[in-house]
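>>> Here is my input; please provide its structure:
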Amino acid sequence: MIEPKSRGGRPRSEQAREAVLHAVDDLLLEVGYAALTMKGIAERAGVGRQTVYRWWSTKAEIIFEASVADAEEELTVPPARTPLAGISAYLEALVRFLTHSPAGIAYRTLLAAAQHDPAVAQLIASRDVLGASAQAVLDRTIPGLAAPDQVAARLIGPAFYWIMSGRDSTELDIRELAESFLQSVQVRA
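From the prediction side, this is the model:
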């Protein structure tokens, strides 16, 4: 979980925090990023604006916290019997996260905002949730790979590009992507 900087005042209420994180997910889907406001988030969560501003400076920070917490859970896959099964399970989870999960949609929204907002770009760069999830699978499935960041990017890249470029995720052949990836790192399926 990401802990925003403390701004003084009363201790943070876990109930209020959860309400804000759920509110931002709901509102993002309903009104979109551009129309999302701190006031609207506070109203939907049933907390005061000052409560929201005490814990987060921007709507992007709230969205990021909500999406990272969910991503860590949704992108965790159980150990598999073979490298092919492990990589395929991860790619299926990644595609499902990016296309169907409210947290994944929020993460994609932040990535889009980061293209023209340096503060959002810095926020995204502060924690590579996709890279970390891929690395966890790689460490367990294919331990000892050199250049782990680059290898994780190679694993994520094709599916990520497909989805971010607006293509139909049902047309992705997950098994083929997994086999190609394993061949590229010279691991038998």
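
>>> pLDDT at residue 4, what is it?
pLDDT for residue 4: 48.

>>> same thing with residue 29?
With respect to pLDDT, residue 29 scores 89.

>>> Help me confirm that it comes into contact with residue 103.
No. Residue 29 is not in contact with residue 103 according to CB atoms under 8 Å; the separation is 10.8 Å. In short, each C-beta sits where N, CA and C put it, glycine included.

>>> which one of these two has more residues nearby?
Applying other CB atoms under 10 Å to residue 29 and residue 103 shows that residue 103 carries more neighbours, namely 24 against 12.

>>> what's that one in contact with, if anything?
Taking CB atoms under 8 Å, 6 or more residues apart in numbering, we find residue 103 in contact with 25, 66, 67, 69, 70, 71, 74, 97.

>>> What does the fifth one show for phi and psi?
Yep, that's residue 70 we're talking about. phi -70, psi -40 (degrees, to the nearest 10).

>>> That one: neighbour count?
Around residue 70 there are 20 residues (other CB under 10 Å).

>>> right, and it touches residue 101 too?
Yes. With contact defined as CB under 8 Å, residue 70 reaches residue 101; the gap is 6.6 Å.

>>> those helices in this structure, which residues are they?
Counting by DSSP state H, the chain has these helices, from start to end: 14-31, 38-45, 49-55, 59-74, 83-100, 102-114, 118-125, 129-141, 148-164, 174-184.

>>> got a list of what residue 178 touches?
84, 87, 88, 91, 189.

>>> Give me the distance between it and residue 164.
Separation of residue 178 from residue 164 (CB to CB, to the nearest Å): 19 Å.

>>> how about low-confidence regions in the protein?
For the chain, applying pLDDT under 70 flags the ranges 1-12, 188-189.

>>> can you list the domain ranges for this structure.
For the chain, the structural domains run 14-56, 66-184, going by automatic domain parsing.

>>> what residues does stretch 72-79 touch?
86, 89-90, 93-94, 96-97, 101, 103-104, 129-130, 132-133, 136-137, 140.

>>> can you give me the end-to-end distance of it?
16 Å (CA to CA, to the nearest Å).

>>> for stretch 41-56, same thing?
12 Å.

>>> Give the buried residues for it.
Neighbour-count burial for stretch 41-56, counted by 16 or more other CB atoms under 10 Å, picks out 41, 42, 44, 45, 47, 51, 52, 54, 55, 56.

>>> residues touching the second one, list them.
So that's residue 42. Contacts of residue 42 (CB under 8 Å, 6+ apart): 20, 23, 48, 49, 51, 52.

>>> And the spatially closest residue to residue 169 that is not a sequence neighbour, how far from residue 175?
Closest residue in space to residue 169, ignoring its immediate chain neighbours: residue 99 at 4.7 Å, by CB to CB, 6 or more residues apart in numbering. Residue 99 is 18 Å from residue 175, where distance means CB to CB.
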